[in-house]
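> the amino acid sequence is not available; the structure is as follows:
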DNA sequence: TATTGACAGTTCTAAAATAGAACTTATGGT
DNA sequence: ACCATAAGTTCTATTTTAGAACTGTCAATA
């Protein structure tokens, strides 16, 4: 499967994965949320090759996650900053960090602590239901096909269905 | 940078990315949360090559995200099911889906709707502070070094610092 | 004036990962 | 014996990534 194909999938996860579903994009975004903005700063702090960094920044700009803002003329230089769309990735970044905090820390403990300025306390992110405010878990969620679903299948056809349909169609 | 190096980083995001930071792992996990459990079902529903699927399942099992459970003897067959550690990935998956719902849907609308069984309503996931319950945004969060942080740097050294230190150390 | 350094890339080759298809192993059914 | 199911493994070709060097602008310095 090609990356372009992912964007076309009738699945919000697949489409998002097309934007951020590779290791360097996620690491670049981490740096963005830590106020890194410039090419050489990304490069040095990540150890990414300049080639790939250029490529990924271009991709993130193309998807509207980052914007190139000139910060000096002569020679023209740009900073990469998060757009509103990019800032909306915060829950993804935070939930990834949180999972790592719970399941991947070594004996030394967390590399990072997060303080909520609004209440002044160190916190963990919690994902809750927008309607009732209760914490969410997979088993209390039921999935329905939405208006953009593929044909009659719940999400997309299950394995066996698709194999059969493929065979029927050609 | 090699994948193994990511696991060693003093950063919970990098360590999590070592586990789920590639497109196929995320898509496989989507299927897991949709109750797909068997090799051929993953393969057919994702269109992933069998080679890569075997590789990714092995990796997810190694990291303790999936467990192989025998469902028949002779010939021995296994299902891949989410462990508790794997189920904890739900907020990551949901926040990815939600971002796609907001920013990547086409004119037809969302491919999927989510119902919260506890309250009976269609919902969106919201990330809140564990201490005060307010919705989180990047600008209300301040980052502090934790016990597992690298030396004296806030998260890890900034670009320029690291270049300099590298030069000093040889 | 020539040199150095900062910055943001681009270009190159070698190594690694992925795609796509065929093959293997074990077993049960016809 | 022959076919189907299931879960992989093996193979070659293509694509992606790593790593290093190179390019082009401009400012400051010797």
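On my side now, so go ahead. Predicted model only: the values in this text are computed from it and were never measured. Numbering: from 1, shown residues only, chains lettered A, B, ... in the order given.
> wait, residue A:43 sits on residue A:54?
No - using Cβ atoms under 8 Å, residue A:43 is not in contact with residue A:54; the gap is 9.3 Å. Yep, even glycine has a C-beta here, placed from its N, CA and C like the rest.
> of the two, who's got more company?
residue A:43 (17 against 14; other Cβ atoms under 10 Å in any protein chain shown).
> what about residue A:69, which helix or strand?
strand A:66-72 (DSSP states H and E).
> could you identify the helix or strand that succeeds that strand?
Strand A:66-72 is succeeded, C-terminally, by strand A:77-82 (DSSP H and E).
> is there proximity between stretch A:102-111 and chain B?
Yes - Stretch A:102-111 is in contact with chain B by Cβ under 8 Å from any Cβ of the partner chain, via A:102-106, A:108-111.
> ends of that stretch, what's the gap?
12 Å (Cα to Cα, to the nearest Å).
> repeat that for stretch A:79-93.
21 Å.
> report the inter-axis angle for the strand holding residue A:69 versus strand A:77-82.
Per axes from the mean of the first three to the mean of the last three Cα atoms, to 10 degrees, the angle that strand A:66-72 makes with strand A:77-82 is 150 degrees.
> buried residues of strand A:66-72, list them for me.
A:66-67 (16 or more other Cβ atoms under 10 Å in any protein chain shown).
> not counting sequence-adjacent ones, nearest residue to residue A:99?
Nearest residue to residue A:99, sequence neighbours excluded (Cβ to Cβ, 6 or more residues apart in numbering or on different chains): residue B:16, at 5.2 Å.
> who in chain A is up against DNA strand C?
Contacts of chain A with DNA strand C, taken as Cβ under 7 Å from any atom of the strand, map to A:1, A:38-41, A:49-51, A:54, A:57, A:68, A:75, A:77-79.
> tell me the SS of residue A:113?
Using DSSP: H, G, I helix; E, B strand; the rest coil, the structure places residue A:113 in strand.
> and it, what does it touch?
Contacts here follow Cβ atoms under 8 Å, 6 or more residues apart in numbering or on different chains; on that basis residue A:113 touches A:122, B:143-146.
> what bridges to it?
Beta bridges link residue A:113 to residue B:144, judged by DSSP bridges.
> does the residue nearest to residue A:99 touch residue A:96 like I think?
Yes - using Cβ under 8 Å as the test, residue B:16 is close enough to residue A:96 to be in contact (4.7 Å).
> residue boundaries of the helices in chain A?
With DSSP state H as the criterion, chain A has helices at A:3-8, A:12-20, A:23-33, A:39-46, A:50-62, A:84-87, A:90-103, A:159-169.
> can you pull the contacts of residue A:56?
Here residue A:56 is in contact with A:22, A:24-25, A:28, A:48 (Cβ under 8 Å, 6+ apart).
> which one is it nearest to, not counting chain neighbours?
Counting by Cβ to Cβ, 6+ apart, the residue nearest residue A:56 is residue A:24, at 5.1 Å.
> count the residues that sit near that neighbour.
21.
> hang on, isn't it packed against residue A:52?
Yes - in this structure residue A:24 lies within contact range of residue A:52 using Cβ under 8 Å: 5.9 Å.
> residues touching residue A:28, list them.
Contacts of residue A:28 by Cβ under 8 Å, 6+ apart are A:42, A:46, A:48, A:53, A:56-57, A:60.
> overlap in contacts of residue B:16 and residue A:96?
Residues touching both residue B:16 and residue A:96 (Cβ under 8 Å, 6+ apart) are residue B:92.
> residue A:21 and residue B:29 touch, don't they?
No - at 11.3 Å, residue A:21 does not count as touching residue B:29 under the criterion of Cβ under 8 Å.
> tell me which residue is most central in chain A.
Centroid-nearest residue in chain A: residue A:20, 4.5 Å away (criterion: Cα atoms, centre = their mean).
> just the pLDDT at that residue, thanks.
Residue A:20 carries a pLDDT score of 98 in this model.
> neighbours around the residue nearest to it when sequence neighbours are not counted, how many?
Nearest residue to residue A:20, sequence neighbours excluded (Cβ to Cβ, 6+ apart): residue A:26, at 5.9 Å. Applying other Cβ under 10 Å, we find 22 other residues in the vicinity of residue A:26.
> pLDDT at residue A:26, what is it?
98.
> could you list every residue that touches it?
Listed by Cβ under 8 Å, 6+ apart, the contact partners of residue A:26 are A:20, A:93, A:96, B:13, B:17, B:21.
> just the buried members of these?
In the contacts of residue A:26, burial by neighbour count holds for A:20, A:93, A:96, B:13, B:17, B:21, counting by 16+ other Cβ under 10 Å.
> would TSV of those with distance to residue A:129 be doable?
Output for the buried ones among the contacts of residue A:26, formatted as TSV (distance: Cβ to Cβ, whole Å):
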residue	distance to residue A:129
A:20	24
A:93	21
A:96	21
B:13	25
B:17	27
B:21	27
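> near DNA strand D, from these?
With Cβ under 7 Å from any atom of the strand as the criterion, the buried ones among the contacts of residue A:26 include none near DNA strand D.
> pick the one among those closest to DNA strand C.
Nearest to DNA strand C among the buried ones among the contacts of residue A:26: residue B:21, at 10.3 Å, using Cβ to the nearest atom of the strand.
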